[in-house]
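**Student:** Dropping a prediction and its sequence here:
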Amino acid sequence: MDINLANLLRPQTLEEFVGQKHFIGKEKTLYKLIKQKQMPHLFFYGKPGLGKTSLAKIIAKLVELDFYSLNATSLKIDELRTIFKKYDGGLYKPLIFIDEVHRLTKTQQEVLLPIMENYDAIIIGASTENPYFTLTNGIRSRSFLFEFKPLSTDELQILLTKAIGQLDITIENSAKEYLIRSSNGDARAMLNLLDFCTKATNTITIDILKELRPHPLVDGVSSSDSHYDLASAMIKSIRGSDIDASLYYLARLIEAGESVEFICRRLVIHSSEDIGNANPHALNLANSTMQSALRIGFPEARILLGQCVIYLASSPKSNSSYMAINKALNYVQNEKELPVPKHIKDSAIGYKYPHDYGGFIEQTYMDKNITFYETKRIGFEKTLQEWSDKIKRKNMV
């Protein structure tokens with residue numbers, strides 16, 4: 001039986017592991033903890049093919065723990081309890097790797113809590129979804145979460161060079177470039193494409209690669225610009241109210257094989273960041289577009305995306321809300337915490353209920369007079385400010 005190329009090149013040590021230097025580099029704290037065999041519970045998240053399982057196996061080997069690989073899609077609670085019982089009361093503990101942890105039920109997570117609390121086992125989870133939204137507070141508070149980022153061109157080049165060294169092949173430079181460029185930072189995808197092409201021929205050309213992968217992976221890269229450059233160009237064109245340029249870059253993204261989700265996320269963010277309350281309907285339309293387009297998919301989703309982009313580009317623009325929340329967060333992160341005034345605490349005495357005073361009554365809500373929000377009075381934002389001014393003048397003495 002042939003050994004899959006990706007498995008053949010799977011790293012066996014931290015030194016062989018490629019990528020994720022932002023948290024697993026030699027000078028990083030997690031690297032030092034692993035080397036010292038001081039293991040916390042870990043949850044890895046990111047796109048497929050970035051090394052989540054490989055790193056878990058390396059850790060298990062280094063800390064010399066029995067390794068159990070489970071998948072949340074088929075995991076049964078009795079299976080967990082059987083493993084835990086095997087090590088109950090012993091000095092040795094297992095390392096349990098759970099893939100697809102975003103599919104763990106609340107009951108399954110509750111079973112893990114006492115095990116994690118007492119460190120009866122080391123739990124490492126992996127997910128393609130952000131565990132901040134899929135794991136309970138109890139699980140998150142007992143573990144550390146690390147995001148796996150797509151491998152860079154240089155990192156993929158390292159892996160590709162190793163792979164070619166294992167194979168008896170001739171490969172064109174353009175084929176090497178396509179392997180890296182079309183894989184969108186996914187090491188497994190790159191190695192699998194090369195692997196299956198070499199099973200058919202030992203002379204690898206870009207044309208042969210494109211027979212198996214005609215287009216870059218979804219949310220991938222166009223032939224001349226990265227998807228981030230094209231997405232940036234689209235958003236800047238919408239921000240600049242250039243409808244035709246916005247449509248052009250949208251078309252480029254679609255033609256390059258960009259995913260509906262990637263495009264929609266950026267349109268939703270833009271509708272709030274750059275349009276905001278100058279036209280609050282923009283956020284509603286962008287969100288509706290995302291929900292509908294994800295259900296419909298390409299090619300028909302292009303119609304919804306085109307309509308949304310035209311609407312956003314045509315809308316009045318204001319970043320007042322975006323600037324306001326940034327200022328508020330900056331203050332909270334860098335200044336002394338302000339106490340909550342007694343009269344607006346829960347079950348407070350002395351609170352004046354605005355509805356008893358016609359909708360507004362002057363009272364203190366923050367212990368210090370700070371201004372975060374500054375309206376630009378653009379579009380509907382002007383109307384909102386007029387309403388706010390009118391409400392506050394109504395009962396002012």
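**Tutor:** Sure thing, it's come through.
**Student:** List the buried residues for stretch 376-388?
**Tutor:** 376, 378-382, 384-385 (16 or more other CB atoms under 10 Å). Yep, even glycine has a C-beta here, placed from its N, CA and C like the rest.
**Student:** ok, of those residues, which one's closest to Gln36?
**Tutor:** If you rank those by distance to Gln36 using CB to CB, Lys376 comes first, at 53.7 Å.
**Student:** wait, isn't that closest one in contact with Ser318?
**Tutor:** Yes - when contacts are counted by CB atoms under 8 Å, Lys376 is listed as touching Ser318 (4.8 Å).
**Student:** Find residues that contact each of those two.
**Tutor:** Common neighbours of Lys376 and Ser318, counting by CB atoms under 8 Å, 6 or more residues apart in numbering, are Ala278.
**Student:** Find the centremost residue of this protein, please.
**Tutor:** Asn130 (5.9 Å; CA atoms, centre = their mean).
**Student:** So that one versus Gly46, what's the distance?
**Tutor:** 9 Å (CB to CB, to the nearest Å).
**Student:** Kindly reformat the buried residues of stretch 376-388 as TSV containing pLDDT, secondary structure and distance to Ile370.
**Tutor:** Formatted as TSV, those follow (pLDDT from 0 to 100; DSSP: H, G, I helix; E, B strand; the rest coil; distance: CB to CB, whole Å):
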residue	pLDDT	secondary structure	distance to Ile370
Lys376	83	coil	19
Ile378	86	coil	23
Gly379	86	coil	26
Phe380	83	helix	25
Glu381	84	helix	20
Lys382	86	helix	23
Leu384	81	helix	20
Gln385	83	helix	18
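**Student:** Distance to Met116 added to the residues you listed, as TSV?
**Tutor:** As requested, those are arranged in TSV below (distance: CB to CB, whole Å):
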residue	distance to Met116
Lys376	49
Ile378	50
Gly379	50
Phe380	49
Glu381	47
Lys382	53
Leu384	47
Gln385	50
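**Student:** quick check: domain ranges of this structure?
**Tutor:** Domain assignment for the chain by automatic domain parsing gives 20-147, 227-314, 327-394.
**Student:** For those, state which one has the densest average packing.
**Tutor:** Highest mean neighbour count of these: domain 227-314, a mean of 19 (counted as mean count of other CB atoms under 10 Å).
**Student:** Go ahead and confirm Lys317 touches Lys236.
**Tutor:** No - if you go by CB under 8 Å, Lys317 and Lys236 don't touch, sitting 11.7 Å apart.
**Student:** for the stretch 151-300 of the chain, what spans make up the strands?
**Tutor:** Counting by DSSP state E, counting those that start in this stretch, the stretch 151-300 of the chain has strands at residues 170-171, 203-204.
**Student:** any chance of those strands in JSON lines, plus distance to Arg188 and mean pLDDT?
**Tutor:** As requested, those are exported to JSON lines (distance: least, CB to CB, whole Å; pLDDT from 0 to 100):
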{"stretch": "strand 170-171", "distance to Arg188": "19", "mean pLDDT": "94"}
{"stretch": "strand 203-204", "distance to Arg188": "18", "mean pLDDT": "94"}
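**Student:** JSON lines for the ones you listed, including mean neighbour count?
**Tutor:** Converted to JSON lines, those look like this (neighbours: other CB atoms under 10 Å):
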{"stretch": "strand 170-171", "mean neighbour count": "17"}
{"stretch": "strand 203-204", "mean neighbour count": "18"}
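**Student:** for the ones you listed, which one sits closest to Leu338?
**Tutor:** Of all those, it is strand 170-171 that lies closest to Leu338, at 62.5 Å by CB to CB.
**Student:** Let me see the residues that make contact with stretch 332-344.
**Tutor:** Outside stretch 332-344, the residues that touch it by CB under 8 Å, 6+ apart are 348-352, 363-368.
**Student:** coming back round to it: out of the domains of the chain, flag the one nearest Pro216.
**Tutor:** Here domain 227-314 is closest among the domains of the chain (CB to CB), at 5.0 Å.
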